[in-house]
Structures are given as structure tokens and as C-alpha cells.
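Q: Quick one, what's the 3D model for this:
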Amino acid sequence: MEHIGVAVLATAVAVDLAVGDAPNPLHPVYWLGKLISLETRLAPRRGQVAQVVYGTAMVIATTGIVTAGVYFLLDYIRDADARAINTGLYIVVAGMLLKLSFSIRGLNRLARRVRASLEDGDRDEARGWVSHLVSRDTSRLDEPHLVSATVESVSESACDSFVAPLMYFAIFGVPGAVAYRVVNTFDSMMGYHGRFEYLGKFAARLDDLANLVPARLTALLIVVAAFICRRNPRRAWRTMTRDSGKTESPNAGWPMSAAAGALGVQLEKEGCYSLGDPVERLTASTIVLALGLANTAIVFWAVVCLGVEVV
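A: The predicted structure is shown next:
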């Protein structure tokens, strides 16, 4: 099974680009979300310590069970007697499981829908699409802030939706990528604040730790992409080093500020942060440029990971 990781990664990327994400009723991450919702309903209603303990146990147990299931399934296929037949089966199953940990086509589709709505002058429709990308209230956002939210999501998702899962795949194989996706799903559903503040504290901190290296790596990839796409890599680097610490998240500011610098725009979440300088106006076309940067960074990282698997 020499260099089988190359075939697994190629299969996962090909499936994502050709098919995209499965409908919710057929998508395992959808059912993972259902499981997390059920677990949170069983959580203690009172007591900060009790909620932290329950939330920690919930994340560890769920991540452990799902990751172990993936590991033993692939191990069973890999070690089966009919080696010639099961090598092909292993590539298909492992590729499909790896694909579940990332999404390229889905992110591009949503961002392009925002752009199309703005170009058609339909801001209400654009607000609806942006609400699928960010957690903030989009009902009153004007066009520049809709574009800003989209560019922020595109650049940050380059990390969450591709760079991070592939990094863990390169190090730990498919189970590593799946474990990352489980932790990231917990964080996206519970996070730091609101009614899940203490219940989700461990999930949020674990997700911060899991993205510590990938977020900074993604920012560097965006700087490289700025050079390839003939944007402004020097400004991307300067803005990244200056503004990356302005976000509440210790990681999100890195790829977002690098993208803001590369594009020469100011990305703003009102009342929270402002990244970059307003050299250029935020328009619908900015979304296309941001996708170009993110996709270039993704392709470059995929090539690097393929090279790692070959070696």
C-alpha cells in the first residue's frame, strides 16, 4: 500500500470538486450535529463547574468514539486477506471519510451566491446567504459589511475547511482529520459565549489549540497566494503581523488580516475588530478576488500534502 495516502487525498479532493457536500440527511456531520444537540439537552442546567466537566467529557467521549470507529474500520479493510481487492476499497472508503473533513466546493458556492445577489442589487438575498457563512446578525448589514463578512469567512474557512484537516491527515492519517472535524463542529455549535459558555468552554479551547498552527500556516499560504495572484504579498505580511491579534479568537485574525492586506481592503466586524486599511473599496468583485486567494492557497497546500504523502 505504498503511497496510498496520495490516492486517498486525490480521491477526497476529486469527490469534493465533482460532487460537493451530500444533502444534510445523508451527511455524517449533520448527524454529528444532531448528536451534539442531544448531548447538550442532557447537560446540567446549573453549576458552572458541572457544566465544564460535562462539556469536557462530552467532547472527549464523542471525539474518541468517532475517531476510534474510523480507525478500526480502515484498519479492518487494510488488513483484510484479499489485499488486491481491498486496497481499492480502502482508497474509496478512506477518501470518502477524508472528504467529510473538508469542503472546497461548498464554500465557493456560497460566496459566489453572495456576489451574484449583490450584483443583482438584492441585498436581502445576499444577507440570507451571508448568514450561512457567519454567526453575526446580518439583517442590517450594508453592502460593504456584507462583502467584508464574506471575505472574512472565505479566508478563515480556508483554514477550518481545508488547511487544518489536511495537516492532521498528513500527520495522523484519516482518523486525525476526522478528529479535527469533530472538535471543530463542537466549537461551531457551542463556542465561548451565550448559553453554552461553560458547557462549550473545553470545546472552544481545544479548537483554539487545534487551529493554532493551521491558522498561522493558512496566513502564510495566503501571503504566498498573494504573490502568485499578483496582489500585494508585502502588504499582506505587514497587515498580518500588525492586525492578527485584534480578533477575540487567537487564530481567526491571522488568515483574515493576511487577506485584508493582500486585497488592500479593511475588514470590519462592527464593535469587535477592524483589519487592514481601506486602500480599495469593498465591492462584489472583492469576493471573487478573495476566492482567488483562498483557492490558490488551497491548491498550493494540497500539492504540499501530496508531496508529503509521496515522501
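
Q: Make sure I have this right: residue 44 is in a strand.
A: No. Judged by DSSP: H, G, I helix; E, B strand; the rest coil, residue 44 forms no part of a strand; its state is coil.

Q: how much space between it and residue 234?
A: Counting by Cβ to Cβ, to the nearest Å, the gap from residue 44 to residue 234 is 52 Å. C-beta coordinates here come from the backbone N, C-alpha and C atoms, glycine included.

Q: just for the stretch 151-300 of the chain, where's the confidence low?
A: Across the stretch 151-300 of the chain, the ranges flagged by pLDDT under 70 are 191-196.

Q: Going toward the C-terminus from the strand or helix carrying residue 171, what's the next helix or strand?
A: Using DSSP states H and E, residue 171 falls within helix 164-172. Going down the chain from helix 164-172, the next helix or strand is helix 174-189, by DSSP H and E.

Q: Can you list the buried residues in the helix holding residue 171?
A: Across helix 164-172, burial judged by 16 or more other Cβ atoms under 10 Å covers 164, 165, 166, 167, 168, 169, 170.

Q: for those residues, which one is nearest residue 109?
A: residue 165 (18.7 Å; Cβ to Cβ).

Q: Wait, the closest one touches residue 183, no?
A: No. Under the criterion of Cβ atoms under 8 Å, residue 165 is not in contact with residue 183, lying 10.7 Å apart.

Q: Would you check that residue 160 makes contact with residue 211?
A: Yes. Using Cβ under 8 Å, residue 160 is in contact with residue 211, at 7.1 Å.

Q: who touches both of the two?
A: residue 184 (Cβ atoms under 8 Å, 6 or more residues apart in numbering).

Q: Show me how far stretch 166-173 is from its chain's centre.
A: For stretch 166-173, the gap between its own C-alpha mean and the chain's C-alpha mean amounts to 15 Å (Cα atoms, centre = their mean, to the nearest Å).

Q: Run through who's touching it.
A: 5, 9, 74, 98, 101-102, 176-177, 179-180, 210, 213-214, 217, 301-302, 305, 308-309.

Q: Kindly recompute the last result at 6 Å.
A: With contacts defined as Cβ atoms under 6 Å, 6 or more residues apart in numbering, stretch 166-173 is touched by 176, 177, 180, 214, 305, 308.

Q: And the first one, how close does it get to residue 58?
A: Counting by Cβ to Cβ, the separation of residue 176 from residue 58 is 20 Å.

Q: Check the second one too.
A: When distance is defined by Cβ to Cβ, residue 177 is 21 Å away from residue 58.

Q: who's more crowded, those two?
A: Neighbour count, other Cβ atoms under 10 Å: between residue 177 and residue 58, residue 177 has more, with 28 against 22.

Q: all strands of the stretch 151-300 of the chain, in order?
A: For the stretch 151-300 of the chain, applying DSSP state E, counting those that start in this stretch gives strands covering 267-269, 273-275.

Q: May I see the buried residues of the first one?
A: Judged by neighbour count using 16+ other Cβ under 10 Å, the buried positions of strand 267-269 are 267, 268, 269.

Q: Skipping adjacent residues, who's closest to residue 107 in space?
A: residue 157 (5.2 Å; Cβ to Cβ, 6 or more residues apart in numbering).

Q: Go ahead and confirm that neighbour touches residue 108.
A: No. With contact defined as Cβ atoms under 6 Å, residue 157 does not count as touching residue 108 (10.1 Å).

Q: the more surrounded of these two?
A: A direct count of neighbours by other Cβ under 10 Å for residue 157 and residue 108 places residue 157 higher, at 22 against 17.

Q: And that one, how far from residue 15?
A: Using Cβ to Cβ, residue 157 is found at 18 Å from residue 15.

Q: can you give me the helices in the stretch 151-300 of the chain?
A: For the stretch 151-300 of the chain, the helices defined by DSSP state H, counting those that start in this stretch cover 164-172, 174-189, 201-210, 212-228, 233-243, 253-263, 284-310.

Q: Which stretch among those helices is buried most, on average?
A: Greatest average neighbour count among those goes to helix 253-263 (a mean of 31), per mean count of other Cβ atoms under 10 Å.

Q: quick one: that helix to helix 212-228, angle?
A: 10 degrees (axes from the mean of the first three to the mean of the last three Cα atoms, to 10 degrees).

Q: Contacts for helix 253-263, please.
A: Against helix 253-263 from outside (Cβ under 6 Å, 6+ apart): 152, 155-156, 158-159, 215-216, 218-219, 222-223, 226, 231-232, 235-236, 239-240, 243-244, 246-247, 267, 275-276, 289-290, 293.

Q: chain center to it, what's the gap?
A: Worked out by Cα atoms, centre = their mean, helix 253-263 lies 16 Å from the chain centre.

Q: For it, output the C-alpha coordinates as CSV.
A: Taking Å, rounded to 0.1, in the frame of the first residue of the first chain, the C-alpha atoms of helix 253-263 are listed here in CSV:
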residue,chain,number,x,y,z
GLY,A,253,-7.2,37.1,12.8
TRP,A,254,-4.3,35.5,11.1
PRO,A,255,-5.8,34.4,7.7
MET,A,256,-8.3,37.3,7.7
SER,A,257,-5.7,40.0,8.2
ALA,A,258,-3.4,38.4,5.6
ALA,A,259,-6.3,38.5,3.1
ALA,A,260,-7.2,42.1,4.0
GLY,A,261,-3.6,43.2,3.3
ALA,A,262,-3.3,41.2,0.1
LEU,A,263,-6.5,42.8,-1.2
